[in-house]
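Undergrad: Predicted model and sequence follow; I will ask about them next.
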Amino acid sequence: MAENVQKLLEDMLPDLIDLGKRKILGSNEIRHVLQTRKDHEFSLHKRSPQVADFMRAIRYEKNLDRKISKNRRELKITKPTRADFSVIRRLLFLYNRMTNRFKHIPKLWKNMINFCLKYKQNNALKICLTKSLNFHPTHVEFWVISAYVELDMKGSFSTARKTMQRGLRANKGNQMLWREYFKLELTIYQRILERRRTLGLDELDHKKESQGSFEEDDQNPFLAAEIPKVVFESAMEDVPPTLDFCLQFLEILEEFEEPLLDSIQEFLRTKILELFPENPSAFVSVVTRDFTNTIYFYKQTDETKDEIVDSICSRLEARLGGSGDDLDQRCLFLVEASKLHQKLQSKYTSASNPTLIQNFG
């Protein structure tokens with residue numbers, strides 16, 4: 001054990017000497033670093049090291065890295081050398097040893113993933129994600145992170161989709177993963193549209209769609225708009241549909257302000273009403289969500305708050321019907337209308353208007 005520790009300390013010397021030559025660390029500080037690392041290594045080389053031993057060493061190295069970075073800034077050293085990244089290499093070494101020894105603890109894998117993301121250690125991140133999925137295929141968060149790494153860091157739509165689909169096969173009936181897959185497809189669709197606008201292709205060419213002349217299916221905006229609908233239908237087949245689960249898809253859709261997502265929203269509303277035709281709560285939730293989008297539309301016009309309220313009232317009454325026979329539905333509408341009225345008051349500065357509530361009383 002002592003020989004292994006001594007060998008590790010000797011390997012650290014060239015980098016520490018370089019930091020000392022450039023005045024980033026003083027001689028006393030270097031001696032302190034060596035002694036502290038020596039103590040940590042003896043703890044880690046025990047027969048049964050604990051997670052706390054690894055975390056103690058990791059915390060020390062992170063503090064040391066911050067100190068080195070601060071000293072470099074104060075000395076105005078702009079040209080880095082290999083020694084400036086020695087602490088990062090040391091941290092990766094510690095994380096690898098920790099996860100290899102305690103591979104059954106998902107939190108430790110997540111800590112290493114966060115470290116790799118923060119310090120842009122892309123190669124180590126790829127290896128870490130692969131191992132974490134091998135050891136914890138039912139840990140949904142790892143699948144989601146892997147998919148977004150493919151999407152954000154590599155720009156690969158197809159690989160991100162395949163990663164999510166692998167996760168769904170390994171986690172049948174997982175609601176969280178279906179929601180994240182739906183959100184991923186919406187993100188892809190939005191990025192395709194943004195890319196087309198950047199290239200000056202705002203108007204979608206339906207002739208190209210009919211001829212199938214897009215260079216890559218991944219970049220086909222028409223296909224991308226249909227995939228979220230397929231994802232929703234597949235989720236309803238894989239998971240016993242409940243109203244709360246269905247409405248979560250609408251909530252995800254509301255996070256996106258892309259106008260061309262309207263067709264997807266209308267599809268979801270129609271499907272939810274088909275799945276729950278006799279459920280008053282479903283009808284109320286879908287209709288009131290329709291009107292929150294109306295608020296967003298009117299917010300960009302010169303119409304006053306009173307006109308918005310009157311418009312919403314008339315549309316609600318038309319959807320509900322004027323017979324008044326469905327008392328439960330009408331009571332639910334009163335509750336939802338009250339919530340909507342409060343939302344309007346928070347968005348607009350004009351005086352309160354009780355019309356919305358009175359029309360349904």
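TA: On my side now, so go ahead. Computed from a prediction, not measured in an experiment: that's the story for all the values here.

Undergrad: Any stretches of the chain with poor pLDDT?
TA: 202-224, 257-260, 287-361 (pLDDT under 70).

Undergrad: again, only using 80
TA: 1, 196-197, 200-225, 254, 257-262, 278-361 (pLDDT under 80).

Undergrad: Remind me what the strand or helix carrying E226 packs against, helices and strands.
TA: Assigned by DSSP states H and E, E226 belongs to helix 221-238. Helix 221-238 sits against helix 175-198, helix 243-253, helix 262-275, with contacts defined as 3 or more Cβ pairs under 8 Å, 6 or more residues apart in numbering; DSSP states H and E. Every residue, glycine included, has its C-beta placed from N, CA and C.

Undergrad: Let's have the ones you listed in CSV, adding distance to V144 and mean neighbour count.
TA: Shown next, in CSV, are the helices and strands packed on helix 221-238 (distance: least, Cβ to Cβ, whole Å; neighbours: other Cβ atoms under 10 Å):
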stretch, distance to V144, mean neighbour count
helix 175-198, 5, 19
helix 243-253, 13, 17
helix 262-275, 21, 16
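
Undergrad: Now these in a markdown table, please, with extra columns for distance to R90.
TA: Formatted as a markdown table, these follow (distance: least, Cβ to Cβ, whole Å):
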| stretch | distance to R90 |
| --- | --- |
| helix 175-198 | 34 |
| helix 243-253 | 41 |
| helix 262-275 | 48 |
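
Undergrad: Extract the CA atoms of the helix holding E226 and return them as PDB.
TA: Provided in PDB are the C-alpha atoms of helix 221-238 (Å, rounded to 0.1, in the frame of the first residue of the first chain):
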ATOM      1  CA  PRO A 221     -40.300  19.900 -40.300                       C
ATOM      2  CA  PHE A 222     -43.400  18.100 -41.400                       C
ATOM      3  CA  LEU A 223     -42.300  14.700 -40.000                       C
ATOM      4  CA  ALA A 224     -41.000  16.300 -36.800                       C
ATOM      5  CA  ALA A 225     -44.400  17.900 -36.200                       C
ATOM      6  CA  GLU A 226     -46.100  14.500 -36.300                       C
ATOM      7  CA  ILE A 227     -43.700  12.600 -34.100                       C
ATOM      8  CA  PRO A 228     -44.900  14.200 -30.800                       C
ATOM      9  CA  LYS A 229     -48.400  13.100 -31.700                       C
ATOM     10  CA  VAL A 230     -47.200   9.500 -32.200                       C
ATOM     11  CA  VAL A 231     -45.300   9.700 -28.900                       C
ATOM     12  CA  PHE A 232     -48.500  10.700 -27.100                       C
ATOM     13  CA  GLU A 233     -50.500   7.900 -28.700                       C
ATOM     14  CA  SER A 234     -47.700   5.400 -27.800                       C
ATOM     15  CA  ALA A 235     -47.700   6.600 -24.200                       C
ATOM     16  CA  MET A 236     -51.400   6.000 -24.000                       C
ATOM     17  CA  GLU A 237     -50.900   2.400 -25.200                       C
ATOM     18  CA  ASP A 238     -48.000   1.700 -22.800                       C
END
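
Undergrad: If you count neighbours, what's buried in it?
TA: For helix 221-238, the buried set under the neighbour-count rule, 16 or more other Cβ atoms under 10 Å, comprises 221, 224-225, 227-229, 231-232, 235-236, 238.
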